[in-house]
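Participant: What follows is a predicted structure for the sequence shown.
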Amino acid sequence: MDYRILGRSGVKVSTLGLGTDNFSNPTSQKESIQIIDRAIDAGINFIDTANTYADGNSERIIGKALKSNGRRSKVLVATKVHYRVGPGPNDKGNSRLHIIQACEASLKRLQTDYIDLYQLHRPSFDIPLDETLGALSDLVTQGKVRYVGSSTSPAWKIMEALHISELRRYPYLISEQSPYNLLDRRIENELIPCCEHNNLAFIAWSPLAMGLLAGRYENANKMPKGSRGHLRKGIYGERITKTGISLGRKFVKIANEHHIKPVQLATLWVKDQPGVTLPLIGPRTIQQLEDYLPVMEMELSQAVREACDDLVAPGSAAVNFHNSASWMKMRLEW
């Protein structure tokens, strides 16, 4: 089993991380706990969640599972703060008030004394970053948080955070988590080089492009029942496009020609890209988890890499997986 260093931390993490956005919605608590146990048995030691996944139920399930199996100290639990969690004007964002309140609530749901990696789910452009980093620093000093990171941030915002931490002696960000898959490669232009240069871990979400790279969709106007595009519309549905479906079919053909399951190849492609620490997998079932696990022992061949590059060129995008990031203004030319 290979492990990689999580940025500046020196902590070793598995080459796949367990994403838990499906827990409780739609995956049942029972099967979610089975997925956690099986993932840990297989060597996965990084579990990623957020305080808003299934209204906090994802965190509750993780807390229950780790308390039951007694393996809290064997895994890194990563969660996030930013999105709205209540009706009040301060129930969102990256203010000191919201961060501290949200952290306490996450600790209770997770049934733990500490969070291994506390991530800013999105940047707040209306709140001074000094305030945000100061609050995170206090949580680290108190022992409630071990490390801090960001998610879906522009490279310049990460550099600003590192600069402030240098000046104020705050804990440095050790990681960035952003969307990355073969259909949206824009982060290769600035974000990945930024992380590599500053020794930040890079965690990729949506390596399957919401199932487009698994050949899940045939019609952009008719989502398969049970698919993420069907269950969660809005920004999720916007990512299911005719172009994405067409490229997904071509990708499935590449996978079949090389005798690899499309789900495995999509994940492997991300795992073995330069600068990537780990992709997050989001199985809805135990069987889906089993399909992912062999990827930890696989390597991307040069022939497959070149075939994928021919499909979507490095640094470009065919589908907008940054549509939840207000700062991303780049137009897609496909």
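Facilitator: Now that the structure is in, tell me what you want to look at.

Participant: switch to C-alpha atoms for all contacts and neighbour counts from now on
Facilitator: Will do.

Participant: which residues of this protein score low on pLDDT?
Facilitator: Where the chain drops to pLDDT under 70, the residues are 220-233, 330-331, 333-334.

Participant: which residues does the residue positioned nearest the centre of it bridge with?
Facilitator: For the chain, the residue nearest the mean C-alpha position is Trp205 (3.4 Å; Cα atoms, centre = their mean). For Trp205, the beta-bridge partners under DSSP bridges are Pro179.

Participant: Please enumerate the strands of the chain.
Facilitator: Here the chain has its strands, by DSSP state E, at 3-5, 12-14, 17-19, 46-48, 76-81, 115-120, 145-151, 173-179, 201-205, 278-281.

Participant: Deepest-packed of these, please.
Facilitator: strand 278-281 (a mean of 28; mean count of other Cα atoms under 10 Å).

Participant: Which residues does that one contact?
Facilitator: 14-19, 48, 202-207, 267, 270-271, 292 (Cα atoms under 8 Å, 6 or more residues apart in numbering).

Participant: Apply 7 Å and report the result again.
Facilitator: Strand 278-281 is contacted by residues 15-19, 202-205, 207, 267, 270-271 when judged by Cα atoms under 7 Å, 6 or more residues apart in numbering.

Participant: List the residues that contact Val263.
Facilitator: Val263 neighbours (Cα under 7 Å, 6+ apart): Leu208, Ala214.

Participant: Quick check: the gap between it and Asn45.
Facilitator: 21 Å (Cα to Cα, to the nearest Å).

Participant: if we can go back for a sec, next, format the strands of the chain as TSV and append distance to Asn189.
Facilitator: TSV is the format used below for the strands of the chain (distance: least, Cα to Cα, whole Å):
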stretch	distance to Asn189
strand 3-5	23
strand 12-14	25
strand 17-19	24
strand 46-48	25
strand 76-81	25
strand 115-120	22
strand 145-151	17
strand 173-179	13
strand 201-205	14
strand 278-281	18
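
Participant: between those strands, which gets nearest to Gln34?
Facilitator: Gln34 lies closest to strand 17-19 among those, at 12.5 Å (Cα to Cα).

Participant: packing partners for that closest one?
Facilitator: With contacts taken as 3 or more Cα pairs under 7 Å, 6 or more residues apart in numbering; DSSP states H and E, strand 17-19 sits against strand 46-48, strand 278-281.
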